[in-house]
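> what's the 3D shape of this:
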Amino acid sequence: MHVEGHPVPEKKECQDWEKYDETIEKFIQVIAKNMNLYGLTSSVGRLYGVLYFADKPMTLDDMRDALEMSKTSMSTGVRTLSEMKMVESTFKRGIRKDLYRSEEDWYKSFTSLFGNRWRHHTETNIEEADEAIAELQKLQEETDDEQLKAKINTDIERLEYAKNYYEWLMKFIQVIESGKIFDYIPKN
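Numbers count the residues shown, from 1 in each chain. Sure thing, here's the model as predicted:
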């Protein structure tokens with residue numbers, strides 16, 4: 001039996017497609033759940049998962065239909081993923097709407113995501129340590145309390161240690177961002 005020139009799928013084929021959909025959906029949920037490791041919401045993770053398994057680039061409308069989310073949420077999610085280089089805009093002749101596809105290279109996505117997240121926090125921590133050291137040094141010069149001066153010396157040493165760690169972490173971030181990490185731990 002044919003409908004519009006296509007054979008009607010048999011019951012077994014329908015069950016096979018349902019099993020396929022369930023399996024992919026389960027993995028998309030895993031992706032979504034793990035996105036919080038990168039500071040992203042699970043809805044943004046689901047969006048990435050849907051784009052990753054899509055056979056062709058999708059419009060915001062396509063994504064909204066697939067995920068039943070608002071167009072505003074889709075747009076925000078796509079922008080977030082785009083800034084993290086996990087999604088890229090693409091063009092197809094004859095289609096006026098913006099099309100998006102996932103970045104297929106997870107190694108590239110990781111290095112970008114890790115670098116963006118860790119660099120910002122690490123730079124902030126270095127600045128905070130510098131400010132704390134400067135304030136403590138000023139207080140140390142102004143106070144007459146010898147016990148406080150000794151405590152400040154100890155704490156400045158602790159802050160310098162922390163700052164050294166953050167500077168080491170910046171070097172580590174540079175190794176990740178530059179791709180040199182793959183010289184030490186090759187891609188599979």
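
> which of the residues in the helix ranked longest in the chain are buried?
Looking across the chain with DSSP state H, the single longest helix is helix 106-142. Buried residues in helix 106-142, counted by 16 or more other CB atoms under 10 Å: 109, 111-119, 122, 125-126, 129, 132-133, 136, 140. Yep, even glycine has a C-beta here, placed from its N, CA and C like the rest.

> Repeat that for stretch 81-99.
For stretch 81-99, by 16+ other CB under 10 Å, it's 81, 84-87, 99.

> Tell me where the model's unsure across the protein.
The chain contains residues with pLDDT under 70 at 1-9.

> Outline the domain layout of it.
With domains defined by automatic domain parsing, the chain comprises 2-104, 107-184.

> now the first one, how far from the chain's geometric center?
Right, domain 2-104. Its chain's C-alpha centre and that of domain 2-104 lie 17 Å apart, by CA atoms, centre = their mean, to the nearest Å.

> And the shortest one, by the same measure?
The offset between the C-alpha centroid of domain 107-184 and the centroid of the whole chain comes to 23 Å, using CA atoms, centre = their mean.

> measure it end to end?
14 Å (CA to CA, to the nearest Å).
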